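**Q** Below is the sequence, then the predicted model.
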Amino acid sequence: KMTFTLLEMTNKYRYPVMISTKTASLPDEYWEILNPDIHAFQISLIGYSDEFIRKYETNTPLASERIAFIKELHNRGFWVSIRIQPLIDLDEAIRVVEEVNGYVNYITVEHLKIPTDNFAVRELFADIKEKYPFVKPKKSRNYELTTKYKLKNVNKIKEIAQCPVGCADNDLHAYSDSKCCCGVDCINENFNNYLKYNTCYFDVCKHNNEEINKEDLWIPKNSCKKCMHGDYAVKDLYHIN
């Protein structure tokens with residue numbers, strides 16, 4: 001009931017929320033409080049075939065079930081997107097896009113990253129790493145596909161997608177079809193107050209030769225190093241002005 005309580009609060013304060021989930025159904029009581037004006041959905045889906053889904057996910061709805069849920073959300077008037085993260089197999093991703101065309105407002109793509117320090121994950125994706133051009137960028141803990149190869153995949157998805165496509169890979173932000181890789185800037189005016197001026201926003205503006213209004217630019221007044229340490233836990237926030 002935690003999610004239900006949160007949704008009730010968003011209704012009370014008219015606070016817009018994008019709900020990112022792998023679910024394929026909702027109890028009736030949820031439909032009674034969900035509001036298309038302030039509630040949007042992002043459904044995570046990495047592929048279409050049952051065998052492919054079960055190789056990497058357990059205890060999740062199958063692709064056919066999640067796609068049926070997407071269609072229900074669309075028919076009920078909700079803004080809905082899919083998030084293909086991680087993109088492991090292009091053919092599986094393309095099949096998903098073909099199945100949801102006409103029912104989603106946005107597609108976000110982020111490619112597979114294989115952590116160097118997680119043996120179990122490295123073993124799971126050992127065949128994938130050998131098959132595709134993975135490299136390890138400096139100061140990164142992950143093996144990643146080359147930018148050229150990732151962009152080739154994104155362009156193939158864009159060729160068949162009937163909606164904007166966002167690029168969540170850090171090196172591909174500039175190729176997003178909107179100024180926020182998750183598409184929050186494409187929903188409705190209630191979502192306009194999202195955090196702009198992050199790297200994604202700058203990259204898209206630069207790529208499109210758009211000027212940025214520096215008067216609106218928010219800049220942190222303190223070094224991030226004073227707020228964070230190695231394991232990413234927040235500390236010393238009282239130092240921020």
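**A** Ah, there it is.
**Q** Tell me which other helices or strands the longest strand anywhere in the chain touches.
**A** What stands out as the longest strand in the chain, according to DSSP state E, is strand 80-87. With contacts taken as 3 or more Cβ pairs under 8 Å, 6 or more residues apart in numbering; DSSP states H and E, strand 80-87 sits against strand 39-44, helix 63-75, helix 90-100, strand 106-111. Yep, even glycine has a C-beta here, placed from its N, CA and C like the rest.
**Q** ok, so what distance separates Tyr201 from Ser178?
**A** 10 Å (Cβ to Cβ, to the nearest Å).
**Q** repeat for Asn198
**A** 13 Å.
**Q** Of those two, which one has the most company?
**A** Legend: neighbour count by other Cβ atoms under 10 Å for Asn198 and Ser178, higher for Ser178 (19 against 14).
**Q** Look at that one and tell me its secondary structure.
**A** coil (DSSP: H, G, I helix; E, B strand; the rest coil).
**Q** for it, what are its contacts?
**A** Shown in contact with Ser178 (Cβ atoms under 8 Å, 6 or more residues apart in numbering): Tyr106, Pro164, Gly166, Asp185, Cys186, Val204.
**Q** My read is that the fourth one contacts Phe191, right?
**A** Yes: under the criterion of Cβ atoms under 8 Å, Asp185 is in contact with Phe191, at a separation of 7.2 Å.
**Q** pretty sure Val80 contacts Ile70?
**A** Yes: if you go by Cβ under 8 Å, Val80 and Ile70 touch, sitting 5.6 Å apart.
**Q** list residues touching both of these two?
**A** Phe41, Ile43, Tyr103, Val104.
**Q** Can you point out the buried residues in the helix or strand of the chain with the lowest mean pLDDT?
**A** Lowest by mean pLDDT, DSSP states H and E among the helices and strands of the chain is helix 199-207, with a mean of 86. By neighbour count, with 16 or more other Cβ atoms under 10 Å as the criterion, the buried positions of helix 199-207 are Cys200, Tyr201, Phe202, Asp203, Val204, Cys205.
**Q** what about that helix, distance to the chain center?
**A** 17 Å (Cα atoms, centre = their mean, to the nearest Å).
**Q** Touching it from outside, list them.
**A** By Cβ under 8 Å, 6+ apart, helix 199-207 touches Asn170, His173, Ala174, Tyr175, Ser176, Ser178, Lys179, Cys180, Cys181, Glu210, Glu211, Ile212.
**Q** Span of stretch 94-114 from start to end?
**A** Using Cα to Cα, to the nearest Å, the end-to-end distance of stretch 94-114 comes to 22 Å.
**Q** Low-confidence stretches in the protein?
**A** Scanning the chain for pLDDT under 70 picks out the ranges 214-241.
**Q** Please enumerate the strands of it.
**A** Using DSSP E, strands in the chain cover 17-21, 39-44, 80-87, 106-111, 113-115, 134-135, 142-145, 165-167.
**Q** The second one to helix 63-75, inter-axis angle?
**A** The reference is to strand 39-44. In terms of direction (axes from the mean of the first three to the mean of the last three Cα atoms, to 10 degrees), strand 39-44 departs from helix 63-75 by 160 degrees.
**Q** can you check the longest one too?
**A** Using the same axes, to 10 degrees, the interaxial angle of strand 80-87 with respect to helix 63-75 works out to 150 degrees.
**Q** Return the distance of strand 80-87 from the chain's centre.
**A** With Cα atoms, centre = their mean, you get 6 Å for strand 80-87.
**Q** again with the second one
**A** Distance of strand 39-44 from the chain centroid (Cα atoms, centre = their mean) equals 10 Å.
**Q** Return the most buried member of the strands of the chain.
**A** By mean neighbour count, with neighbours taken as mean count of other Cβ atoms under 10 Å, strand 165-167 ranks first of these at a mean of 26.
**Q** Thanks again, I'm all set now.
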